[in-house]
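Trainee: sequence unknown, structure follows:
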């Protein structure tokens, strides 16, 4: 399994240290173990989890590093911690908050944070529109909602100069067309996920006004 993870990281031009690799595999162990009881994901097979979940989220690391090396990130509808946990492992200077409406999923992420000693990872059990008093440099989502719903629900939580980052399959042309003029899609980045024969892309967005300072990937 470690060899497979090595191959994935190599294909994505990632160079995790030995501790990060071990932590990623421990996270996969926990995801598989808890999934048997708490139904965190429909994917049951460990190798499939490695490709469909871990590799898919690792593909986001390099693009995110180009725009945000440190700061605060909110992962909305995080489920079993995808991509939030993976990003917290790979970017230790990033403060990651995962929010989900399902209590058992938030509890799982708290368990991961404690057991794997990820001090930069926390979980919130709430509806994202009920969160208040916080501001995040990047807000991410993976299979959470349409782009319109995503930006509408999270707009109060986006820090000045911040950006939204949506993980999608094919380029969501229809969803992008439905966005209001107040939201600017400033970059659509195709992704190649090792072992996954499916289209993937990242949709980067930010408020159109005022002029934003977030660095384009």
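Mentor: Received, thanks. Since this is a predicted model, take the numbers as computed values, not measurements.
Trainee: so how far is residue 17 from residue 114?
Mentor: Residue 114 sits 21 Å away from residue 17, going by CB to CB, to the nearest Å. All C-beta atoms are positioned from the backbone trio N, CA, C, and that covers glycine.
Trainee: beta partners of residue 100?
Mentor: Residues in a beta bridge with residue 100, per DSSP bridges, are residue 125.
Trainee: hang on, the earlier thing: so which of residue 114 and residue 17 has more stuff around it?
Mentor: residue 114 (11 against 8; other CB atoms under 10 Å).
Trainee: where do the strands of this protein begin and end?
Mentor: 71-76, 94-100, 121-125, 136-142, 158-168, 183-191, 200-207 (DSSP state E).
Trainee: got the phi/psi numbers for the residue nearest the centre of the chain?
Mentor: Nearest residue to the geometric centre of the chain (CA atoms, centre = their mean): residue 83, 3.0 Å. Dihedral pair for residue 83: phi -100, psi 0, per degrees, to the nearest 10.
Trainee: and residue 167, bridged to which residues?
Mentor: Beta-bridge partners of residue 167, counted by DSSP bridges, are residue 142, residue 202.
Trainee: quick one: contacts for it?
Mentor: Counting by CB atoms under 8 Å, 6 or more residues apart in numbering, residue 167 touches 56, 60, 83, 140, 141, 142, 143, 200, 202.
Trainee: now, which of the residues you listed sits nearest residue 22?
Mentor: Closest approach to residue 22 among the contacts of residue 167 (CB to CB): residue 83, at 18.9 Å.
Trainee: surely that closest one and residue 76 touch.
Mentor: No: the pair residue 83 and residue 76 does not pass the contact test of CB atoms under 8 Å, sitting 10.9 Å apart.
Trainee: intersection of neighbour lists for these two?
Mentor: residue 140.
Trainee: make a markdown table from the strands of the chain and add mean pLDDT to it.
Mentor: Below are the strands of the chain laid out as a markdown table (pLDDT from 0 to 100):
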| stretch | mean pLDDT |
| --- | --- |
| strand 71-76 | 97 |
| strand 94-100 | 97 |
| strand 121-125 | 97 |
| strand 136-142 | 97 |
| strand 158-168 | 96 |
| strand 183-191 | 96 |
| strand 200-207 | 97 |
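Trainee: all helices of this protein, in order?
Mentor: 2-11, 18-38, 46-49, 56-58, 61-67, 84-90, 103-115, 147-154, 173-177 (DSSP state H).
Trainee: out of the ones you listed, indicate the one that is most buried.
Mentor: Across the helices of the chain, the average number of neighbours (mean count of other CB atoms under 10 Å) peaks for helix 84-90, which reaches a mean of 27.
Trainee: that'll do, ta.
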